[in-house]
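Asker: Give me the fold of what follows.
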Amino acid sequence: MQEDSTSDDESVASPSVPQMPLGIVIARITVVSGMSFAAALALFFLVGALWVPAIASVGATVVFLALMFAIEKGAEKPQL
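Answerer: Numbers count the residues shown, from 1 in each chain. Below you'll find the model as predicted:
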């Protein structure tokens, strides 16, 4: 039977991984969920030949996409 022994690998310091602020995580989840919901609605409306709601849903998808890029750009900045 093998014994659980502590190896020297545990004593080696692992590189520090910066933690994301909770607000950034919640914003990412919200934006991705909103974008997927808006895109699904756009497809649903396009299948039903409802052009005005489909265009509005595509517009909402583009807005959520722009928000995603803005959040990612803001998340890359170093936290002071």
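
Asker: Enumerate the positions of stretch 69-80 that are buried.
Answerer: For stretch 69-80, burial by neighbour count (16 or more other CB atoms under 10 Å) applies to residue 71. Where C-beta positions appear, they are placed from N, C-alpha and C, glycine not excepted.

Asker: any idea how far residue 64 is from the most centrally placed residue in the chain?
Answerer: Centroid-nearest residue in the chain: residue 28, 3.7 Å away (criterion: CA atoms, centre = their mean). Residue 28 sits at a distance of 11 Å from residue 64 (criterion: CB to CB, to the nearest Å).

Asker: likewise residue 21?
Answerer: 20 Å.

Asker: returning to that earlier point: go ahead and confirm the residue nearest to the centre of the chain touches residue 70.
Answerer: No - applying CB atoms under 8 Å as the test, residue 28 and residue 70 come out as separate, 11.4 Å apart.

Asker: More neighbours: residue 21 and residue 64, which one.
Answerer: Between residue 21 and residue 64, counted using other CB atoms under 10 Å, residue 64 has the larger neighbour count: 19 against 11.

Asker: Run a quick neighbour tally on the closest residue to the more buried one other than its chain neighbours.
Answerer: Nearest non-adjacent residue to residue 64, counting by CB to CB, 6 or more residues apart in numbering: residue 35, 3.6 Å away. Here the count is done by other CB under 10 Å, and residue 35 has 19 residues near it.
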